[in-house]
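Visitor: my questions concern the predicted model and sequence given below.
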Amino acid sequence: MLGRWTVAGIAVAMTMVGTAHSRALVAGESKSVPTQSITIQPDPSDEDSVGATDDAEQAATPAPVTPDAPLPVIEYDVSKLPEPVRQLREKLLEAAKTGDIEKLKPIIDANRSPPNLGADANQDKDPVAFLKSQSGDPEGREILAILSEVLDAGYVHVDVGTPQEAYVWPYFARYPINALTPPQMVELFRLLTSSDYDEMKSFGAYLFYRVGIAPDGTWTYFEAGD
């Protein structure tokens, strides 16, 4: 079973670092995990591209979890997803399970605009190369494993009727971390360790990787943070 990605020290990093970087410890090594969204800017002369990027930037800005809001409905049945969302999820899983991170390139190229990958994703950098650089191994397979684990988790449909409307994996990203039941904790520990959970609980939010897909099948983000 893949999972149990160690992210010890996130709460401290989120508090002390102005750019809100978390720290992930994988295989005993420390690496930065991006926690802020950026958008790769299009050619200003291309009006259609500019408009698409503006829409994507809005869609890729998830709203924070509101403690007093009703709990979102957690879904596991992928047949309930809109067809474009279901198809993209399947493509991402298929690509991830090949172990070849380059398989993500045609998916990103076919997207309306590159998905937000976090604060460290330089606008001049190839998205696939950036993802590979975030992996604990040189081939990017750790990131593919994380992507696969995240997309195999339960999901929530959030921000309905707004530019931020999205289907989000795992549901922990939009669920109060202090409200998790014992069975949900078991699900969480497929992605994190108990010490990671303790630090996230202190911070008040899930801080590890999450995926957002808009209802039209646009891949809006794959990033870590609050």
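Guide: Looks like it arrived, so ask away. Since this is a predicted model, take the numbers as computed values, not measurements.

Visitor: pull out the buried residues from the longest helix seen in the chain.
Guide: When the chain is parsed with DSSP state H, its longest helix is helix 83-98. Neighbour-count burial for helix 83-98 flags Val85, Arg86, Leu88, Arg89, Lys91, Leu92, Ala95, Ala96 (criterion: 16 or more other C-beta atoms under 10 Å). C-betas here are computed from N, CA, C, even on glycine.

Visitor: the first one against Ile213, yeah?
Guide: Yes - contact status for Val85 versus Ile213: in contact at 5.0 Å, counting by C-beta atoms under 8 Å.

Visitor: which residues are common contacts for these two?
Guide: Tyr167 (C-beta atoms under 8 Å, 6 or more residues apart in numbering).

Visitor: burial count for the closest residue to Tyr206 other than its chain neighbours?
Guide: Of all residues not flanking Tyr206 in the chain, Phe172 sits nearest, at 4.1 Å (C-beta to C-beta, 6 or more residues apart in numbering). Here the number of neighbours of Phe172 (other C-beta atoms under 10 Å) works out to 28.

Visitor: which ones are touching Phe172?
Guide: Ala153, Leu180, Leu188, Leu191, Tyr206, Arg210.

Visitor: okay if I get these as TSV plus pLDDT and secondary structure?
Guide: Putting the contacts of Phe172 into TSV (pLDDT from 0 to 100; DSSP: H, G, I helix; E, B strand; the rest coil) gives the following:
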residue	pLDDT	secondary structure
Ala153	97	coil
Leu180	93	coil
Leu188	96	helix
Leu191	94	coil
Tyr206	95	coil
Arg210	97	strand
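
Visitor: so which of those residues wins on neighbours?
Guide: Ranked by neighbour count (other C-beta under 10 Å), the contacts of Phe172 have Tyr206 at the top, with 28 neighbours.

Visitor: doesn't Ala173 make contact with it?
Guide: Yes - with contacts counted by C-beta under 8 Å, Tyr206 reaches Ala173, the gap being 5.3 Å.
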